[in-house]
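> quick one: sequence plus predicted model below, questions after.
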Amino acid sequence: MQLEQKSLNAFLEAVKKLDDGFAALPEFSPSTYDETRLLDVLKATAERLHDNYPYFHPLYAGQMLKPPHPIARAAYALAMSINPNNHALDGGRASSAMEIEAIAALAKMFHWPQHLGHLSSGGTFANLEALWVAGQLVYTEDGTPKAIAASDQAHYTHSRISGVLGLPFISLPSDEHGRIEPNSGSIEVNSSHARLSVSPSRSFWRCPGDLAVQNCSQCTICLPGQNRFTRPH
Ligand SMILES: Cc1ncc(COP(=O)(O)O)c(C=O)c1O
């Protein structure tokens, strides 16, 4: 057996336990479905899912995808029996409290005595929210957002979402060990462009509205409003 199945028994017990908690409610008939059809659909889905690489297998190293821990999978399916959210207390009292506990546990992992946060539905969304907050907090004197700087090995969502939010993005060079170059220097921004001085001989210029980042050894300028780079030398 390759795929984890034992936890499904525990899941069934947990659903019954969850059900017990609502026993005082007036009786009703849950909406029905065709059980044969349900099985057909699930089997057809399983068949389609064969067309995947075996992410679960210890010898598979091609992608960082892995199935969640059996507890996580079962707990998620259990919560789906009710489908609460964490958006507001009336939409999910227990799950909102769990979210606060989960955030506190994450903060503890990083040894942060003070924290504020919430869970997001995934990496893209988390980056969107974080970059939006950064964009709201950091403005130059003339009201232009400062640039977002990230390693050139950062996930592509950083540059892409910065583009969506209209935040200038600067890609910081990293060395062969994936570390941002220690002398990345200062970042200088005005209303027409952002400049990162990496060292006296290397500058990165970034035109607002253009995702390309230019690495120049001598003199690259960003022409205000033209979204392009020129090299006068
Ligand atoms: C660092 C990082 N950020 C964001 C994402 C995108 O995450 P999601 O697919 O959960 O939106 C990934 C996905 O691999 C990631 O590795």
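Yes, it's here. Residues are numbered from 1 along each chain as shown.

> residue 2 - how many residues pack around it?
7 (other C-beta atoms under 10 Å). No exception for glycine: its C-beta is placed from N, CA and C like everyone else's.

> so it makes contact with residue 56?
Yes - between residue 2 and residue 56 there is a contact under C-beta atoms under 8 Å: 6.8 Å.

> dump the residue contacts of the residue most central in space within the chain.
In the chain, the centroid-proximal residue (C-alpha atoms, centre = their mean) is residue 123; its distance is 1.1 Å. Residues in contact with residue 123 (C-beta atoms under 8 Å, 6 or more residues apart in numbering) are 155, 157.

> would you check that residue 117 makes contact with residue 105?
No - Residue 117 is beyond contact range of residue 105, at 11.2 Å (criterion: C-beta under 8 Å).

> which bits of this protein sit near the ligand?
Proximity of the chain to the ligand, by C-beta under 6 Å from any ligand atom, involves residues 122-124, 127, 155, 157.

> picking that back up, quick one: which of residue 117 and residue 105 has more around it?
Remark: of residue 117 and residue 105, residue 117 carries more neighbours, 16 against 9, as counted by other C-beta under 10 Å.

> next one: that one from residue 99, what distance?
For residue 117, the distance to residue 99 equals 9 Å [C-beta to C-beta, to the nearest Å].

> all strands for this protein, in order.
148-151, 169-172, 187-189, 194-199, 202-206, 214-216, 221-222, 229-230 (DSSP state E).

> what helices or strands is the second one leaning on?
The one in question is strand 169-172. strand 148-151, helix 156-165, strand 194-199, strand 202-206 (3 or more C-beta pairs under 8 Å, 6 or more residues apart in numbering; DSSP states H and E).

> list the buried residues of that strand.
The neighbour-count check on strand 169-172 (16 or more other C-beta atoms under 10 Å) flags 169-172 as buried.

> any low-confidence regions in the protein?
Scanning the chain with the threshold set as pLDDT under 70 gives 138-141, 143-146, 181-233.

> quick one: the helices in it?
Using DSSP state H, the helices of the chain run over residues 7-20, 35-49, 70-80, 93-109, 123-137, 156-165.

> quick one: contacts of the first one?
Think helix 7-20. So helix 7-20 is contacted by 70-71, 73-74, 77-78, 81-82 (C-beta under 8 Å, 6+ apart).

> okay, angle between it and helix 70-80 too, please.
Angle, helix 7-20 to helix 70-80, by axes from the mean of the first three to the mean of the last three C-alpha atoms, to 10 degrees: 30 degrees.

> how close does residue 159 get to residue 120?
19 Å.

> look at those two and report which has more neighbours.
residue 159 (18 against 13).

> give me the beta-bridge partners of the closest residue to that one other than its chain neighbours?
Leaving aside its chain neighbours, residue 159 sits nearest to residue 169 (4.7 Å; criterion: C-beta to C-beta, 6 or more residues apart in numbering). Under DSSP bridges, the beta-bridge partners of residue 169 are residue 148.
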